[in-house]
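Engineer: My questions concern the predicted model and sequence given below.
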Amino acid sequence: MNNIFNFINLHNGEEKKDKVLENVTSNISFKGSNLWILACAIIIASVGLNVNSTAVIIGAMLISPLMGPIVGAGFALGTYNFPLLKKSFKNLLIATVVSLLVSAFYFYISPFKDVQSELLARTAPNIYDVLIAFFGGLVGVIAITRVEKGNPIPGVAIATALMPPLCTAGFGLATFNFSYFFGAFYLYTINCFFICIATFLVVKYLHYPSSIVDSKYEKRIKYSIYFLIIIMIVPSSYLAYNLFNEKKFTKTADIFLQKEFEKNGYTLIYKKLNYNTDPKTIDVAFLNKKFTAGEIESYNKILTDNGLANTKLTIRQNNSDLKSEILSEINKNNNNLSEKDIAISNLRLELDSYKVSDSTLSKEIQILYPDISNVSYGKIEQYSHTDSMRLQFVLIYSGNDVNKLQLKRWLEKRLNEKNVELLENSVEHSKIK
């Protein structure tokens, strides 16, 4: 049993406590270079959210120094060091205000204000974000208290994700969308709070020296922490429960549509589910099938029996309205054309410029010049002495007694090319320009 305890004992490999506290204290302040790094990280994260780039957002999280005052607050709570706690809160407040102002300014001047998926993901926190913040914070503080720091710190910065919620809150301020602002800022608060609590628990477990010895005062602080934990967890638990019900509604609606319509051969061309209305709505449209008012009413009556209580089914049969909605979706998709698709399109255009799309050319050459065989032709890049590049038509052939000058002129006229190059495919190649 002792061997198992030693195997999982956090005191093994622990750094000296005074050295850890010194390092934590030195990373709390936000001034000089730390403030500049924070501002740059905020701009990078805001750009990442703006262009929906996960890689850019991860890069911003890695260089962000926001963890310093949060971990400092956890150490201050764990050791009841109230001057350190005051300093940590002050610097965290400075970092938060600066981050909000910088991100709000960026999004205010940015011409692109579309709500991307990376931004939306930070507007509705739930209990899973609590778990990520808490266990991410545990990993972070355990790494900080080790002699060998290892490589968990970058992973903690990515997992706990302090920077993107702050930038999303800045987006909410810049666009006056306060539902985004409060949702994102609540996620940021969850992350800060539970990283701090995880740090507090590890500090207590490792028996860092306390600044007070009054047990009543210590209990009062613990009860205050428990109270704050409940305040933070209850809303996120409700949001998680709401998310679960929304996923359940979506799945149940899909099963209902498949059973009642798709299995009967009705082609579904439009579907829109809305969970956040009262009643919940299912809007659908079909390719050819037209339903009477009585049929639609009968489908609505069986919704409850299929697990869709307080739900209204609407079947769209007005072709003009439906057409406008579909065209709107198509335009939206066209606007979101990815860079990869654009690159592929450009490559195809470039390849087409090398092709000679004339299927009758080789047949005409064989008729006019029967002595020619094994004809190959195409366009190649040719560079001049000025390093300029142009495409030139080249024909490679086999055959004797060919009037090369006549062939060259005919090809130039036939293809509307200024300069055709002929290459004879023989033991000794001859080249006519």
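Structural biologist: Received, thanks. Numbering: from 1, shown residues only.
Engineer: From here on, just use CA atoms for contacts and neighbour counts.
Structural biologist: Noted.
Engineer: all strands of the stretch 201-350 of the chain, in order?
Structural biologist: Under the criterion DSSP state E, counting those that start in this stretch, the stretch 201-350 of the chain contains strands at 268-274, 280-286, 311-316.
Engineer: Glu246 is nearest to which of those?
Structural biologist: strand 268-274 (9.0 Å; Cα to Cα).
Engineer: In stretch 225-239, which residues are buried?
Structural biologist: Met232, Ile233, Ser236, Ser237, Leu239 (16 or more other Cα atoms under 10 Å).
Engineer: picking up where we left off before, ranking the strands of the stretch 201-350 of the chain by mean pLDDT, which is last?
Structural biologist: Among the strands of the stretch 201-350 of the chain, strand 268-274 carries the lowest mean pLDDT, at a mean of 83.
Engineer: Report the angle between that strand and strand 280-286.
Structural biologist: Angle, strand 268-274 to strand 280-286, by axes from the mean of the first three to the mean of the last three Cα atoms, to 10 degrees: 170 degrees.
Engineer: and strand 268-274, which residues are buried?
Structural biologist: For strand 268-274, a neighbour-count test (16+ other Cα under 10 Å) marks Leu268, Leu273 as buried.
Engineer: give the contact list for Ser46.
Structural biologist: Ile57, Ser103, Tyr106, Phe107, Pro164, Cys167, Thr168 (Cα atoms under 8 Å, 6 or more residues apart in numbering).
Engineer: any idea which of those residues is the one closest to Asp401?
Structural biologist: Nearest to Asp401 among these: Ile57, at 68.8 Å, using Cα to Cα.
Engineer: what helix or strand does the closest one sit in?
Structural biologist: Here Ile57, judged by DSSP states H and E, is contained in helix 54-63.
Engineer: Show me which residues of that helix are buried.
Structural biologist: Buried residues in helix 54-63, counted by 16+ other Cα under 10 Å: Val56, Ile57, Ile58, Gly59, Ala60, Met61, Leu62, Ile63.
Engineer: Could you do stretch 164-177 as well?
Structural biologist: Neighbour-count burial for stretch 164-177, counted by 16+ other Cα under 10 Å, picks out Pro164, Pro165, Leu166, Cys167, Thr168, Ala169, Gly170, Phe171, Gly172, Leu173, Ala174.
Engineer: cool, stretch 192-210 as well?
Structural biologist: Neighbour counts using 16+ other Cα under 10 Å place 192-203, 206 of stretch 192-210 among the buried residues.
Engineer: Could you report the separation of Lys263 from Glu417?
Structural biologist: Using Cα to Cα, to the nearest Å, one obtains 60 Å as the distance from Lys263 to Glu417.
Engineer: What of Ser362?
Structural biologist: When distance is defined by Cα to Cα, Ser362 is 16 Å away from Glu417.
Engineer: what do you get for Tyr397?
Structural biologist: Counting by Cα to Cα - Tyr397 and Glu417 are separated by 18 Å.
Engineer: And Phe30, by the same measure?
Structural biologist: Shown here: Phe30 relative to Glu417, a distance of 68 Å by Cα to Cα.
Engineer: If you count surrounding residues, which of the two has more?
Structural biologist: Higher neighbour count among Phe30 and Glu417: Phe30, with 22 against 12, using other Cα atoms under 10 Å.
Engineer: In three-state terms, label the more buried one for me.
Structural biologist: On the three-state scheme (DSSP: H, G, I helix; E, B strand; the rest coil), Phe30 is labelled coil.
Engineer: what's the helix or strand for the closest residue to it other than its chain neighbours?
Structural biologist: Spatial nearest neighbour of Phe30, excluding adjacent residues (Cα to Cα, 6 or more residues apart in numbering): Asn91 at 5.9 Å. In this assignment (DSSP H and E), Asn91 forms part of helix 82-109.
Engineer: Mean confidence (pLDDT) on that helix, please.
Structural biologist: For helix 82-109, the per-residue pLDDT averages 90.
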